[in-house]
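Chemist: The following comprises the amino acid sequence and a computationally predicted model.
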Amino acid sequence: MYAQQIKSTGKGVQSLADMTPEERAFQERIDRGEKIEPKEWMPDGYRKNLIRQIGQHAHSEIVGQLPEGNWITRAPTLERKANLLAKVQDEAGHGLYLYCAAETLGVSRDELFEMLHSGKMKYSSIFNYPTLTWADMGAVGWLVDGAAIMNQVPLQRTSFGPYARAMVRICKEESFHQRQGFQIMMVMAQGSVDQIRMAQDALNRFWGPALMMFGPSDKDSVHSAQSMAWKIKMNTNDELRQKFVDETVPQAEYLGLKVPDENLKLNEETGHYDFSQPDWDEFYDVLNGNGPCNHERLEARKDAWAEGAWVRDAMMAHSEKKAARKQAAE
Amino acid sequence: MSDKKEWPLWEVFIRGQHGMSHRHVGSLHAPDNEMAMKNARDVYTRRNEGVSIWVVEATHISASVPSEKGPMFDPAKDKVYRHPTFYDLPDEAGNM
Ligand SMILES: [Fe+2]
């Protein structure tokens, strides 16, 4: 989801019989529901997978500030501006909680940034789409944060302690994000003809990309089984996508907006909605750097990092001088 | 020119309410204690989560070693007589 592209080793799940005694003891702890803490022994694969997953998640929070930051200066009222600013600040906070969780696994913050900037690590494809009108702030809160919540709630039970604890904090804060988005949509959907058109247009553009947030279909997602055995992934991509559709469609109906899918229909037998898959070619294209805003987003991150370097260095130099002065005085 | 020195890591402890102990809530990077305090306020108390903050540079914390959990904590395991329930008293003795 926020980690849509975790590359697999291609190997299937190891059976208990094939494991070394250490690996077996580790798997049994996970099966018992115990949390794994940073300094404890863990298989290399577990550590690597988690660094990638938590790193992608953190990068998504940070890059995710950009499409919404785009509207802070143009929010329609002072109240909306304060709401949006608070939300974007939260996303920065979420990124920071997650970077810290990743760092407990032995990767440094600078390494993580460098991997983002060089393209070695990804962030969610959703943030490579533009936010063209104010209604997009509604659609992003409602759909993008909504999809994020769907993924993050079960991750509160993930096996790695620092990740689980970061998720608990994030989930507590996330629900305000979705509610403020939905409220924007409510106002727009009851507004003037132009506002209703903007609300519908925002839903049309964000529906497919929101479905893509859960990652490729289970049958194309080879790494899932091992991650699920390790409890660093709690549900399959398709399960979460279905849950998202089931919850979101009635909300769209409430708004009086039309979900852009000809095949969308409540299946009386299953009790779930049947729906069309998003355009997976587009998904891979965006992940590979060819989405409408990939270049702009990454450049914005790189510029912020490069242009902030002198500030980071100056503050470090200042604190070292201060410490040296204190020592000399003692 | 950046010499690529990373800001040190700080651990953050917050007292949620008066009368409670400080609890570890997470960590952050900052060049010194003053900035660590400011960052801790912004990162960990955006919704009134605290009435007091401690920040400690992570390198100053000594932690027990997970692989020595046995020798460290096992000695306390067989000392049930440290718990009140070990001592059987008659009801006549009243609340004790
Ligand atoms: Fe959010």
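Modeler: Received it, and whenever you're ready, just let me know what you need.
Chemist: Which residue is the nearest non-sequential neighbour of the residue in chain B that chain A sits nearest to?
Modeler: Among residues of chain B, the one nearest chain A by C-beta to the nearest C-beta turns out to be B:Asp32. It sits 3.6 Å away. Every C-beta, even on glycine, is put in place using the N, C-alpha and C of the backbone. Excluding its sequence neighbours, the residue lying closest to B:Asp32 (C-beta to C-beta, 6 or more residues apart in numbering or on different chains) is A:Ser319, at 3.6 Å.
Chemist: Is that neighbour within a helix or a strand, and which one?
Modeler: In this assignment (DSSP states H and E), A:Ser319 forms part of helix A:309-329.
Chemist: hmm, back to that, quickly note the distance from the residue nearest to B:Asp32 to B:Lys38.
Modeler: Per C-beta to C-beta, to the nearest Å, A:Ser319 is found 13 Å from B:Lys38.
Chemist: Those two: which has the busier surroundings?
Modeler: Neighbours per residue (other C-beta atoms under 10 Å in any protein chain shown) separate A:Ser319 from B:Lys38, with A:Ser319 holding more: 19 against 13.
Chemist: Mind jotting down where the helices sit in chain B?
Modeler: Secondary structure of chain B (DSSP state H): helices at B:33-44, B:69-73.
Chemist: Go through these and find the least confident stretch.
Modeler: Within those, the least confident segment by mean pLDDT turns out to be helix B:69-73, at a mean of 90.
Chemist: Was I right to think A:Leu203 contacts A:Asp261?
Modeler: No: with contact defined as C-beta atoms under 8 Å, A:Leu203 does not reach A:Asp261; the gap is 10.7 Å.
Chemist: Could you list the contact residues of the stretch 101-250 of chain A toward chain B?
Modeler: Within reach of chain B by C-beta under 8 Å from any C-beta of the partner chain, the stretch 101-250 of chain A has these residues: A:Glu103, A:Ser108, A:Arg109, A:Asp110, A:Arg165, A:Ala166, A:Arg169, A:Glu173.
Chemist: Neighbour-wise, which one of those residues leads?
Modeler: Across these, neighbour numbers were computed from other C-beta under 10 Å; A:Ala166 holds the maximum, 27 neighbours.
Chemist: name the helices or strands packed onto the helix or strand where it lies?
Modeler: Assigned by DSSP H and E, A:Ala166 belongs to helix A:161-189. Contact here means 3 or more C-beta pairs under 8 Å, 6 or more residues apart in numbering or on different chains; DSSP states H and E; on that basis helix A:161-189 packs against helix A:78-103, helix A:135-139, helix A:146-155, helix A:193-212, helix A:237-255, strand B:22-29.
Chemist: Deepest-packed of those, please.
Modeler: The densest packing among the helices and strands packed on helix A:161-189, expressed as mean neighbour count by mean count of other C-beta atoms under 10 Å in any protein chain shown, is seen in helix A:135-139 with a mean of 27.
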